[in-house]
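In: What follows is a predicted protein model with its sequence.
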Amino acid sequence: MSLDTVRAEILSLLKKVNRDGMDRLIDFLDKTDFYVAPASTKFHNNFEGGLAEHSLNVYKELKNLTNGEWSEETLIIVGLLHDICKVNNYKVEMRNKKNPDTGVWFQEPYFTTEDMMPLGHGEKSVMLISEFIKLTKEELYSIRWHMGGFEPKENYSYVSSAYYKYPLAVYTHMADIKATYIDETVKK
């Protein structure tokens, strides 16, 4: 999908959310690198536009998994914004790489991380979103704990408690895992 197509689809979905401050959140995303940033530096969707594409993939997987049990508004917020913590987090640097066929060295761009707001993954997403719109408790916990077993082991009891209390958090983790490992690619 092209960057413009992904951006248009995300904007269309976000505009369906009827919450005070949503227009400011949309404006914030437009002023960041949300639509052009990678989803990661070395793993899933590690290419330009990967974060927006990943966010859209998670939303679609979440919608498929939940079978209408939650409102469209909640699924849009949780699916599209769970990784908002990654905005303005990546930068492009250059490195030398040798062409294995010719032996000639060349410059290759790659993404690095420069976290200017080191608050933790899920917490940072919740904090950023909350600057603009009010989240329900289930949305908050679903975004906060979407990393599941990828959290530090010290947090496992919190993840487990949240998952028992808020089933949408479990589905969010499942949607994120499916999008990451099945739907998406890694640029070598």
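Out: Sure, I can see it.

In: This protein: strands as residue ranges?
Out: Along the chain, the segments classed as strands by DSSP state E run 90-98, 105-113.

In: Specify the stretch among those strands that is closest to E139.
Out: Among the strands of the chain, strand 90-98 comes nearest to E139, with 25.3 Å by C-beta to C-beta. In this view, the C-beta of every residue, glycine as well, is placed from N, C-alpha and C.

In: can you pull the contacts of F43?
Out: F43 makes contact with 180, 186 under the criterion C-beta atoms under 8 Å, 6 or more residues apart in numbering.

In: pretty sure L62 is touching Y171, no?
Out: Yes: using C-beta atoms under 8 Å, L62 makes contact with Y171 at a distance of 6.0 Å.

In: what about the strands of the chain, which gets the closest to E131?
Out: Comparing the strands of the chain by C-beta to C-beta, strand 90-98 comes nearest, at 20.7 Å.

In: What count of nearby residues applies to S142?
Out: Using other C-beta atoms under 10 Å, S142 is surrounded by 32 other residues.

In: let me redo that: Y156
Out: Considering only other C-beta under 10 Å, Y156 is surrounded by 12 other residues.

In: show me what contacts the residue nearest the centre of the chain?
Out: Using C-alpha atoms, centre = their mean, the residue of the chain that lies closest to the mean C-alpha position is D83, 2.8 Å off. Residues near D83 by C-beta under 8 Å, 6+ apart: 39, 51, 54-55, 58, 125.

In: among the strands of the chain, which gets the worst mean confidence?
Out: Per-stretch mean pLDDT for these is lowest at strand 105-113 (a mean of 78).

In: Name the residues of that one that are buried.
Out: For strand 105-113, the neighbour count (16 or more other C-beta atoms under 10 Å) marks F111 as buried.

In: any idea how far F43 is from G49?
Out: 15 Å (C-beta to C-beta, to the nearest Å).

In: hmm, who's touching the lowest-mean-pLDDT helix or strand in the chain?
Out: Least confident helix or strand, the chain: strand 105-113 with a mean of 78, by mean pLDDT, DSSP states H and E. Identification of contacts with strand 105-113 by C-beta under 8 Å, 6+ apart yields 38, 41, 46, 89-99.

In: Among those, name the buried ones.
Out: Buried among the contacts of strand 105-113 (16+ other C-beta under 10 Å): 38, 46, 89-90.

In: From these, which land in helices?
Out: The helices, defined by DSSP state H, take in nothing from these.

In: of the contacts of D83, closest to T5?
Out: Looking across the contacts of D83 and measuring by C-beta to C-beta, the closest to T5 is S55, at 13.7 Å.

In: Pull the contacting residues for the closest residue to that closest one other than its chain neighbours.
Out: Nearest in space to S55, with sequence neighbours left out and distances taken as C-beta to C-beta, 6 or more residues apart in numbering, is L80 at 4.8 Å. For L80, the contacting residues are 10, 13-14, 55-56, 58-59, by C-beta under 8 Å, 6+ apart.
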